[in-house]
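**Q** Pasted the sequence and its predicted model underneath.
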Amino acid sequence: MKFKKSISILLLLLVTSMATAQIKFEAKVSKTKLGINERLRIDFEMNKDGDNFVPPSFEDFDVVMGPNTSVSNYSGNGKRVYSKTYSYFLSPKKRGKFTIKQATIEIEGETYKTFPITVNVTGAVDKPNAPPTASDVASENIHLVAEVSNLNPYLNEAITVVYKLYVSRETGVGGWSEKDSPRYNDFWSQNIEVKSFPTHRAQYKGEDYRYVILRKTVLYPQKTGKLKLEPLVLDLTVEVPTNRFDIFGRSIMTKVPKIVTAGSRTIDVKPLPEQGKPSDFKGAVGDFDFKVTTTKTALDATESLQAKIEVSGKGNLKLFELPKLTVPSSLEVYEPEHEERVSTNLKGMQGRISDNYTIVPQYKGKYPVPSISFSYFDLETESYKRVTSNEIVIDVLDGPTATNNNSDTASTAKQTVRPNTNTFAFIKTSSNWSKITSQSFFKTTKFWTLLLLPFLAIPLAIVIRRKKDERDADVQGNRLRKADRLAKKYLGAAKKALGKKETFYLALEKALHNYLKAKLNIETSDFNKEKIETTLKERRVEPEVVSDFISILENCELARYTPITQVTMQNDYNKSAKTISLIDKQLR
């Protein structure tokens with residue numbers, strides 16, 4: 001009997017140990033020895049989903065990125081395999097041996113802990129002997145290049161800078177943002193809007209690469225000599241293949257943060273030649289047409305006409321002054337209205353600029369408007385050119401005649417000044433004074449009102465305070481109101497960014513995440529589609545609404561790297577607002 005009882009106890013212990021052995025929670029590091037200038041990756045892996053994950057403090061490291069959450073859930077050979085990983089990228093603060101302490105998580109009501117890991121941090125490493133890390137692979141396969149159209153332009157000659165991100169076929173980019181934008185000192189600059197990011201193929205250093213154009217800028221140098229272009233710096237999330245494969249034989253990708261820069265470029269700007277420079281040259285560089293026109297050449301005195309001085313063509317249209325209009329003094333001329341119709345593309349500025357003068361003749365006669373000349377530097381011939389307008393004669397048909405027709409100015413008729421003995425008769429010699437009386441403020445109606453007003457406000461203040469205390473005590477209501485404010489805030493930011501794909505979908509995704517975080521009390525580290533779908537269904541949200549919410553999140557992930565139209569963005573925004581409203585109504 002005792003033997004059977006012992007066998008039963010042993011079997012029970014064996015079953016319990018086997019059940020316990022099925023759950024795994026462990027920490028893995030990319031290396032245990034690294035230089036102080038290297039980064040360390042640590043993964044916390046589990047084979048069953050858990051709650052209340054608590055990472056170590058990482059007190060001897062700076063957290064560069066993380067946690068990144070990845071979930072793998074598939075069936076193979078009749079067996080279901082589940083894996084969930086929290087990943088961190090760490091940068092050591094100093095040299096020495098450091099211990100990464102335990103992480104904890106709750107799985108099926110039990111608390112599991114990882115083993116501590118000791119890491120040795122040495123001095124800076126130039127070329128690590130260990131196999132290349134994911135960060136090294138990213139550095140070798142991601143390149144940001146600034147292509148300059150002309151490194152030796154003339155002063156005020158247009159050049160273009162196109163920033164291209166080259167990515168090898170083995171790697172990918174999961175997201176990017178500008179860490180530092182270039183400032184073009186000593187240049188007039190204008191960015192050309194990049195509406196989409198189509199992928200192109202090209203050779204880079206003899207190898208096949210894909211590339212996207214991130215930014216286009218047109219520059220006009222305003223100084224001569226060697227001018228420096230500051231670099232563009234990007235913060236990337238690079239997808240690098242690992243040695244692991246999924247059930248379809250595809251390499252599993254890991255994500256690493258990476259900062260890339262296009263590097264600074266030097267532009268050697270040539271001065272415009274002094275030989276042959278016209279005296280009326282105002283700095284125009286390009287290829288231009290010039291003309292002076294008037295709306296009419298015959299009119300009556302006190303009527304008006306418009307004279308237009310116009311330059312058209314391509315070149316630095318916004319960076320020089322137009323010649324001034326000169327007319328006889330008998331013609332009254334008003335300050336000109338400047339008008340610009342200029343567009344800028346990768347070839348520079350093109351269009352037309354003009355000064356419009358309003359002229360009003362005062363006297364009858366014929367008045368010549370002298371010819372005007374305009375000079376510019378032609379880049380094709382590398383020489384100066386001058387264009388001169390024709391003389392225009394304005395014929396004033398009817399009006400007063402000037403005293404001297406041969407003179408441009410009319411003489412003024414003189415009048416005799418007659419003395420008047422009553423010159424100062426209007427000055428008063430006597431006045432009627434009235435006494436000013438002041439009324440005392442004490443015991444007036446206004447006095448009593450101001451005195452009693454604080455006492456009357458006390459009951460109102462008490463009511464307001466009670467309402468505020470009731471509102472503060474409503475924890476659930478405050479949380480819901482906060483979620484609504486966050487959703488409106490970020491949906492408002494997304495609405496303002498309609499048409500700007502990257503900014504729009506980043507704001508939209510942020511709004512959805514913050515809404516769930518407040519409504520369902522889901523931490524950012526726990527965000528995954530399975531968790532969201534399960535939680536929403538448990539809270540009695542209709543399956544169709546849950547499916548719409550998940551599809552919006554997927555659109556936010558995919559839309560950053562694929563061409564998207566304005567209509568699609570508007571539809572995604574409307575769908576997000578409707579879905580949030582439905583979840584609000586259905587949550588239990």
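**A** Perfect, I can see it now.

**Q** Low-confidence ranges, the protein, go.
**A** Within the chain, the stretches with pLDDT under 70 are 1-21, 74-78, 126-132, 247, 249, 402-431, 435-439, 475-490, 521-527, 560-563.

**Q** neighbours of Ala262, just the number please.
**A** Here the number of neighbours of Ala262 (other CB atoms under 10 Å) works out to 23. Where C-beta positions appear, they are placed from N, C-alpha and C, glycine not excepted.

**Q** do you know how far it is from Leu214?
**A** 10 Å (CB to CB, to the nearest Å).

**Q** Overlap of the contact sets of these two?
**A** Tyr163, Leu232 (CB atoms under 8 Å, 6 or more residues apart in numbering).

**Q** what about the residue nearest the centre of the chain, distance to Ala497?
**A** Nearest residue to the geometric centre of the chain (CA atoms, centre = their mean): Thr503, 6.8 Å. Distance of Thr503 to Ala497, given as CB to CB: 4 Å.

**Q** any chance you could map the strands in the stretch 1-150 of the chain?
**A** 25-29, 33-35, 40-46, 51-54, 61-76, 79-92, 96-100, 104-107, 110-113, 117-122, 142-148 (DSSP state E, counting those that start in this stretch).

**Q** ok and the third one relative to strand 117-122, angle-wise?
**A** Translated: strand 40-46. Strand 40-46 and strand 117-122 meet at an angle of 170 degrees, taking axes from the mean of the first three to the mean of the last three CA atoms, to 10 degrees as the criterion.

**Q** Describe which strands strand 40-46 pairs with in its sheet and in which direction.
**A** Sheet pairing of strand 40-46 (DSSP bridges) gives strand 25-29 (antiparallel), strand 79-92 (antiparallel).

**Q** right, so of those, which gets closest to Pro459?
**A** Among the strands paired with strand 40-46, strand 79-92 comes nearest to Pro459, with 56.0 Å by CB to CB.

**Q** which of the residues in the closest one are buried?
**A** Lys84, Thr85, Tyr86, Ser87, Tyr88, Phe89, Leu90, Pro92 (16 or more other CB atoms under 10 Å).

**Q** now, among those, which is nearest to Val64?
**A** Nearest to Val64 among the buried residues of strand 79-92 is Phe89, at 4.5 Å by CB to CB.

**Q** Tell me how far that closest one lies from Thr565.
**A** 36 Å.

**Q** Hmm, Val369 is touching Ser389, no?
**A** No: counting by CB atoms under 8 Å, Val369 does not reach Ser389; the two are 9.1 Å apart.

**Q** Give the partner strands of the helix or strand that contains Gly286 in its sheet and their orientations.
**A** Assigned by DSSP states H and E, Gly286 falls within strand 286-294. Note on strand 286-294: by DSSP bridges, its sheet partners are strand 305-315 (antiparallel).

**Q** so what secondary structure elements neighbour the helix or strand just after the partner strand?
**A** Using DSSP H and E, the helix or strand that follows strand 305-315 in sequence is strand 331-333. Counting contacts by 3 or more CB pairs under 8 Å, 6 or more residues apart in numbering; DSSP states H and E, strand 331-333 is packed against strand 348-361.

**Q** Grab the longest helix from this structure for me.
**A** Longest helix in the chain by number of residues, with DSSP state H as the criterion: helix 445-473.

**Q** re the thing from before, tell me the secondary structure for the residue nearest to the centre of the chain?
**A** At Thr503, secondary structure determined by DSSP: H, G, I helix; E, B strand; the rest coil is helix.

**Q** Find the helix or strand that the residue nearest to Lys277 when sequence neighbours are not counted is a member of.
**A** Nearest residue to Lys277, sequence neighbours excluded (CB to CB, 6 or more residues apart in numbering): Tyr384, at 6.0 Å. Tyr384 belongs to strand 383-388 when elements are defined using DSSP H and E.

**Q** Next, the angle from that strand to strand 286-294.
**A** Strand 383-388 runs at 10 degrees relative to strand 286-294, counting by the same axes, to 10 degrees.

**Q** what does strand 383-388 rub up against?
**A** 276-278, 280-281, 288-290, 371-378.

**Q** circling back: where's the longest helix of the chain relative to the chain centroid, distance-wise?
**A** 47 Å (CA atoms, centre = their mean, to the nearest Å).

**Q** what helices or strands is that helix leaning on?
**A** Counting by 3+ CB pairs under 8 Å, 6+ apart, helix 445-473 packs on helix 475-496.

**Q** tally of neighbours for Gln203?
**A** Gln203 has 9 nearby residues by other CB under 10 Å.

**Q** For it, give its distance to Thr503.
**A** 32 Å.

**Q** wait, doesn't Ile192 sit right on Ser343?
**A** No: the criterion here is CB under 8 Å, and Ile192 misses it with Ser343 at 10.4 Å.

**Q** Which one's more surrounded, those two?
**A** The residue with more neighbours, out of Ile192 and Ser343, is Ile192; 14 against 9, by other CB under 10 Å.

**Q** give me the beta-bridge partners of Ser177?
**A** Asp235.

**Q** that older thread, buried ones among the contacts of strand 383-388?
**A** Going by neighbour count (16+ other CB under 10 Å), these have Phe281, Phe288, Phe290, Ile372, Phe374, Ser375, Tyr376, Phe377 buried.

**Q** which one of those is nearest Leu460?
**A** Among the buried ones among the contacts of strand 383-388, Phe288 lies closest to Leu460 (CB to CB), at 72.6 Å.

**Q** List the contacts of the residue nearest to the closest one when sequence neighbours are not counted.
**A** Spatially, and ignoring its direct neighbours in sequence, Phe288 is nearest to Gly313 (3.8 Å; CB to CB, 6+ apart). For Gly313, the contact set (CB under 8 Å, 6+ apart) comprises Gly286, Asp287, Phe288, Asp289, Gln350, Arg352.

**Q** and Leu508, how many neighbours?
**A** Neighbour count for Leu508, taken as other CB under 10 Å: 25.

**Q** May I ask you to confirm that it is in contact with Gly492?
**A** No: using CB under 8 Å, Leu508 is not in contact with Gly492, being 11.0 Å away.

**Q** how far away is Asn37 from Val121?
**A** Taking CB to CB, one finds Asn37 at 10 Å from Val121.

**Q** who has more neighbours, the two?
**A** Ranked by neighbour count (other CB under 10 Å), Asn37 and Val121 place Val121 first, with 19 against 13.

**Q** Hmm, Leu90 and that one touching each other?
**A** No: using CB under 8 Å, Val121 is not in contact with Leu90, being 10.3 Å away.

**Q** looking at the strands paired with strand 40-46, which is closest to Tyr357?
**A** strand 79-92 (65.6 Å).

**Q** so which helix or strand takes in Ala507?
**A** Ala507 belongs to helix 501-520, assigned by DSSP H and E.
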